[in-house]
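Chemist: Structure for the following, please:
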Amino acid sequence: MKSLWLASLINIILCPLFIHWFGLKGAAIATVCGRSCGVLYQCYFLFFSDRGFRLRLAHFKNDWPVIGGLIKVAWPAALQFIIASGSWILLSRRVSEIGGTTALAGYQIAIRNIIFFILPAWGLSNAVATLVGQNLGAGQIDRAEKSVWITTKYNAIFMAFVMLLFLFFNEAIISFFTNDPAVVAYGAKAIQIVGSAFIFYGISMVMTQALNGAGDTRTPTLIYLFCFWLIQIPLAYFLSSDNAWKTTGVFIAIPVAETLIALVALYFFKKGKWKTVKV
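Modeler: Numbers count the residues shown, from 1 in each chain. All right, here's what the predicted structure looks like:
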């Protein structure tokens, strides 16, 4: 967290200065400088500080059984991000095809706000993966399950609050970033429709991360593949092919798929097979 604070602070300071001197590429230079400082800060604590554990050259040796175990667990988790990101890219392309740059601008502003407001819930979801893994390792299966339900409760409460903001203050949120009426119209509609299922987003994040934390990374991967690529993308293209729906059809496909992810992931979590996964 301290590393991210440092990187963000340096980026915030350097960004306007470098943009003034170098133009648009100055923003990229500022980002590189900020993140590089963040990484150097991390390396200091990993290699030179006596706080916590300290890495030495002797630690960098191949332990093939451990590496094999890591790859076995990690590759489906990595595929989850590829599946989800690929789906969002195709949706952006579809919005651009139908509504042009104006619709895409509004959609991108909406998505940026959605990602920003979703970050606290994302943090809770990542924490639950750690809690599940730790408690399963300690043989505390009931405590692992309890931590998931508690996190789900607080995630749902937070996301319900954000959902109300998106439903009733969507135009005010988008207008903060642009004065273009057409862009505001697209962005407000996108954030309102996509945000209408925010409670389910919170549930889906917790459930999939709980399965990941238990070592069952394949189940969320299959859920993502089914809901994003077999439901969300075809539904978005189908609904948007109607002249009456257009970009609205793309927006509708997002909460439909995310709600389905939440329900399917909840089903597999309650089924309980994650409790018996051996990593």
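
Chemist: Residue 159 contacts residue 204, correct?
Modeler: No: the criterion here is C-beta atoms under 8 Å, and residue 159 misses it with residue 204 at 10.2 Å. Bear in mind the C-beta positions are built from the backbone N, C-alpha and C, glycine included.

Chemist: Could you check which of those two is surrounded by more residues?
Modeler: residue 204 (27 against 23; other C-beta atoms under 10 Å).

Chemist: helix/strand/coil for the more buried one?
Modeler: helix (DSSP: H, G, I helix; E, B strand; the rest coil).

Chemist: Just give me the longest helix of this protein.
Modeler: Longest among the helix segments of the chain by residue count, using DSSP state H, is helix 64-137.

Chemist: give me the low-pLDDT residue ranges for the protein?
Modeler: By pLDDT under 70, the low-scoring segments of the chain are 52, 279.

Chemist: ok, now with 50
Modeler: For the chain, no stretch has pLDDT under 50.

Chemist: so what's residue 265 closest to, chain neighbours aside?
Modeler: Closest residue to residue 265 apart from its sequence neighbours, by C-beta to C-beta, 6 or more residues apart in numbering: residue 207 at 3.6 Å.

Chemist: Centre of the chain to the one helix or strand the one you found maps to, how far?
Modeler: Using DSSP states H and E, the element containing residue 207 is helix 198-213. Its chain's C-alpha centre lies 10 Å from the corresponding centre of helix 198-213 when counted by C-alpha atoms, centre = their mean, to the nearest Å.

Chemist: per-domain residue ranges of the chain.
Modeler: 1-61, 67-276 (automatic domain parsing).

Chemist: Now the terminal residues of the shortest one, how far apart.
Modeler: Same thing as domain 1-61. Domain 1-61 has an end-to-end distance of 28 Å (C-alpha to C-alpha, to the nearest Å).

Chemist: what's the answer for the last one, then?
Modeler: One end of domain 67-276 sits 22 Å from the other (C-alpha to C-alpha).

Chemist: quick one: it to chain centroid distance?
Modeler: Mean-position distance between domain 67-276 and its chain equals 7 Å (C-alpha atoms, centre = their mean).
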